[in-house]
Structure formats: C-alpha cells, structure tokens
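Student: need a 3D model of the sequence below.
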Amino acid sequence: MGVPELRRIGRRPGNPDTRSHILTVAQTLFAEQGFVRTSVRAVAATAGVDVALVHHYFGTKEGLFQAAVDVPIDSKALTARIVAGGPAEAPRRLVETFIGTWDDPTTGPAMVGFLRRVVADEESRDLIRDFIGTTVLRTAAAALLADLDPVEARARITLVVGQMLGLVVLRTLLRVEPIASMSVDALSAAVAPTIARYLHGDDLVLDLTPGRLGGSDSSGSRSS
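Tutor: Numbering: from 1, shown residues only. The predicted model follows:
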C-alpha cells in the first residue's frame, strides 16, 4: 500500500497522531500478512502502544481493518440488518440492504470508488477477499445456515455474494439496462428467489470436495 518501513518505538499516549500511527502500522501488517494472520496484539506491539488503545480507537480487529483499507461501510452492521428478520426474510433483506447501500447518495459514490480500487489493485483485492472470507461469509453463514455443515454453508453464502456483486457491477459500474433503472423493490422481487435457492434450495448441487472451494480455512481459526 506504499507505506514506509516501520520500526518498533516506545509506548505512545493516545492522541490523533497516535491513531494515525496505529493505522499506518496496521496497513503495513495487513499488507504483509493478510487479515487472518495479523493480530491486534501484533499491531499494538509494532506501534508501541497498549492493546487497549487500539481497541479504543477502532473497536475490533474488523474495525481496524476497515479503517486501514478504507472500507466505506460497516460490514458487521449490514450483516446484522440482513439476518435480523431470520432466514425466511434474509433473501429480500439482503437484496434491499445491498442495493440500497450502493444507491444511497452518501455511501454509493464511496462504494463505487472502493470497488474500482479493489478491482484495479491486486494487493487490495487479496486483502478484501481474505476479509470477506473470514468475517462477512462466516458471520452470515452462522446466522442464516447454522443447521448446515460449515463447508456447505460457506459455499452457499459465497454464491450469494457472487450473485450480488455481479448485480452491482451491472447496475452501478456498467449501467446495463433495465437493471440500472429498476427500483430496489423490483430488483428484490426478481433476485430474492434466486438468493433463497442459494441459501435453502434442496436442488442446489455443490461440489464440496476438500480443496475445491479455496479461500480461508472454514474452521474458524483467526488471530485477534
């Protein structure tokens, strides 16, 4: 991410410069080690601050990561909104929440810029894939598909994410009609049944052979 080489320094008190320094350290460590292998403790130690100060500024490891790579939305809050109505309401809520975020005049332009950067920059792409695999997918799978084998649940959620990202690219970046001009309600009515099939369809055939799914380990191991 073009950040300078860092050296460990003495403990720093909390102030805006300290927050910026922690963020620079986090950017370096996330770029070098990825999301899973970077811990809050390692960031604090390298920055020369107490772990509690990192949590004070950024809350969680996910919050630190989102600030480090400049994700313009709170993925945890969006996931909570999607799963709030339970599995039956999840397909509709997912489409409405996802598309609504991109259509919003505040978050939409930031999300478009973020998506363009991720697509163009291989380093950012790898980091975001790592982050999505270990946080968004796992959280959604645990909330919506808790009764399924974790590997199958992850595969189903990944199909959902692929469907929604493809829809966003057609609607927001390529402006393909009629998708670009359809209302959120119309899109939800058209796409939610497909999302429901990905989540709950008994006719969905998945190749769950070990090693074929790729991504992060589905066992749930991660640094904090």
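
Student: which parts of the chain are helices?
Tutor: 16-37, 40-47, 51-58, 61-68, 75-83, 90-103, 107-120, 122-131, 137-144, 150-168, 184-200 (DSSP state H).

Student: how about these in TSV, adding distance to residue 177, mean neighbour count and mean pLDDT?
Tutor: (Glycine included, C-beta is placed from N, CA and C.) As requested, the helices of the chain are exported to TSV (distance: least, Cβ to Cβ, whole Å; neighbours: other Cβ atoms under 10 Å; pLDDT from 0 to 100):
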stretch	distance to residue 177	mean neighbour count	mean pLDDT
helix 16-37	37	18	88
helix 40-47	46	18	96
helix 51-58	41	17	94
helix 61-68	33	21	88
helix 75-83	27	17	83
helix 90-103	16	21	91
helix 107-120	18	15	83
helix 122-131	28	17	76
helix 137-144	30	20	79
helix 150-168	14	18	89
helix 184-200	13	17	94
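
Student: so can I have CSV of these showing distance to residue 207?
Tutor: Shown next, in CSV, are these (distance: least, Cβ to Cβ, whole Å):
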stretch, distance to residue 207
helix 16-37, 24
helix 40-47, 36
helix 51-58, 38
helix 61-68, 30
helix 75-83, 26
helix 90-103, 23
helix 107-120, 27
helix 122-131, 20
helix 137-144, 18
helix 150-168, 9
helix 184-200, 15
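
Student: which of those helices sits closest to residue 208?
Tutor: Each of the helices of the chain was scored for nearness to residue 208 using Cβ to Cβ, and the closest is helix 150-168 (5.4 Å).
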